[in-house]
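Q: okay, structure incoming, though there's no sequence with it:
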């Protein structure tokens, strides 16, 4: 009878636990009926949606709620969506994260950065010209035009501008003109079409230059047959930049955040093709990070904002 009572009590406890877990799941799902993922600009919308389709299928199944993808036309669109609480996750550049943090430190938390093929957790900004431009180096860009990618891009604006200024080069005086290409891919096209003499973009700096390196805007264009690296010449390279983070909305339900983190943490092992698409290139997987990883970029962005006032 005692054993029977124990079994009955245990069964009741298990049933109660299952009901509680189910109720908790329903609680966060009622708060989060869909998981909204922002996608940065940089290449055309159809390609961005295609590359992130595996998030819809796989993470949606894990969460048990639909995944909604929101491709923005520029970096600012994703940043504003996160600040307004209209997005639950997104991949950002380090400067984009810094811009959000400076407006609202409680808006998002950085979770992962992608590791390059050599295990490093950073990448480079590179300045490029047309191969037949006759421009061989940065000195040759004096009096020429330069296309930045996007005002909220780390490698496509913040770091190149800051490092040129550290070399006592004032972009407004050194170049004949500067402008924004509307994204990395768009800036490359603008240079190839002769609208600018040079542009700046992001690349892992790892792998073969002839293939656009292992990861970055150039590699993505090469893979889509939009670019032959023989048509470009690299004339300048930045110091190592912290890779941009995947972020989650801080006040999103913790259960949903845990599921998303667990799915992403081993994605390079469970589905490498999906990992390559989501992280925009080959690599060694995701590395956990927190705000401390980006403090230098936050300070750089803060100085940039103060200088523009």
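A: Happy to help now that I have it. Worth saying up front: this structure is predicted, and the values here are computed from it rather than measured. Residues are numbered from 1 along each chain as shown.

Q: CA atoms for contacts and neighbours, from now on please.
A: OK.

Q: list the buried ones in stretch 187-194?
A: Within stretch 187-194, the residues scored as buried using 16 or more other C-alpha atoms under 10 Å are 187, 188, 189, 190, 191, 192.

Q: mind checking which of those residues land in helices?
A: Residues of the buried residues of stretch 187-194 located in helices (DSSP state H): 187, 188, 189, 190, 191, 192.

Q: any stretches of this structure with poor pLDDT?
A: Counting by pLDDT under 70, the chain has low-confidence residues at 1-26, 41-43, 308-309.

Q: what's around residue 80, how many residues?
A: Per other C-alpha atoms under 10 Å, the neighbour tally for residue 80 reads 13.

Q: then residue 236?
A: By other C-alpha under 10 Å, the residues close to residue 236 number 15.

Q: show me what the residue lying closest to it once chain neighbours are set aside bridges to in the sheet.
A: Spatial nearest neighbour of residue 236, excluding adjacent residues (C-alpha to C-alpha, 6 or more residues apart in numbering): residue 127 at 5.0 Å. For residue 127, the beta-bridge partners are residue 200, residue 236 (DSSP bridges).

Q: residue 127 touches residue 200, doesn't it?
A: Yes: using C-alpha atoms under 8 Å, residue 127 makes contact with residue 200 at a distance of 4.3 Å.

Q: for my notes, confirm residue 225 occurs in a helix.
A: No: going by DSSP: H, G, I helix; E, B strand; the rest coil, the assignment for residue 225 is coil, not a helix.

Q: related to what we said a few turns ago, how far away is the residue nearest to residue 236 from residue 49?
A: Using C-alpha to C-alpha, to the nearest Å, we find residue 127 at a distance of 28 Å from residue 49.

Q: before we move on, what about residue 267?
A: When C-alpha to C-alpha is the yardstick, residue 267 and residue 49 sit 18 Å from each other.

Q: quick revisit: tell me who's in contact with the residue nearest to residue 236.
A: Residues counted as contacts of residue 127 (C-alpha atoms under 8 Å, 6 or more residues apart in numbering) are 198, 199, 200, 201, 234, 235, 236, 237.

Q: so in terms of bridging, what pairs with the nearest residue to the second one once chain neighbours are set aside?
A: By that I understand residue 199. In space, residue 199 comes closest to residue 147 once its chain neighbours are excluded; the distance is 4.5 Å by C-alpha to C-alpha, 6+ apart. Applying DSSP bridges to residue 147 gives these bridge partners: residue 179, residue 199.

Q: I'd say residue 147 and residue 181 touch.
A: Yes: here residue 147 reaches residue 181: they are 5.8 Å apart, a contact under C-alpha under 8 Å.

Q: phi first, then psi, for the residue nearest to residue 235 when sequence neighbours are not counted.
A: Take residue 235 and drop its neighbours on the chain: the residue closest to it by C-alpha to C-alpha, 6+ apart is residue 137, 4.7 Å away. When read as degrees, to the nearest 10, the backbone of residue 137 gives phi -160, psi -180.

Q: any idea how far residue 137 is from residue 187?
A: According to C-alpha to C-alpha, residue 137 and residue 187 sit 19 Å apart.

Q: strands of the chain, start to end?
A: 35-39, 67-71, 89-91, 108-115, 122-130, 145-148, 177-180, 198-203, 232-237, 241-242, 245-249, 285-288 (DSSP state E).

Q: contacts for the shortest one, please.
A: For strand 241-242, contacts defined as C-alpha under 8 Å, 6+ apart pick out 94, 121, 122, 123, 124, 125, 155, 159, 293, 294.

Q: and the buried ones among these, selectable in ChimeraX?
A: Typed into ChimeraX, the line below selects the buried ones among the contacts of strand 241-242, using 16+ other C-alpha under 10 Å:
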select :94,121,122,123,124,125,155,159,293,294
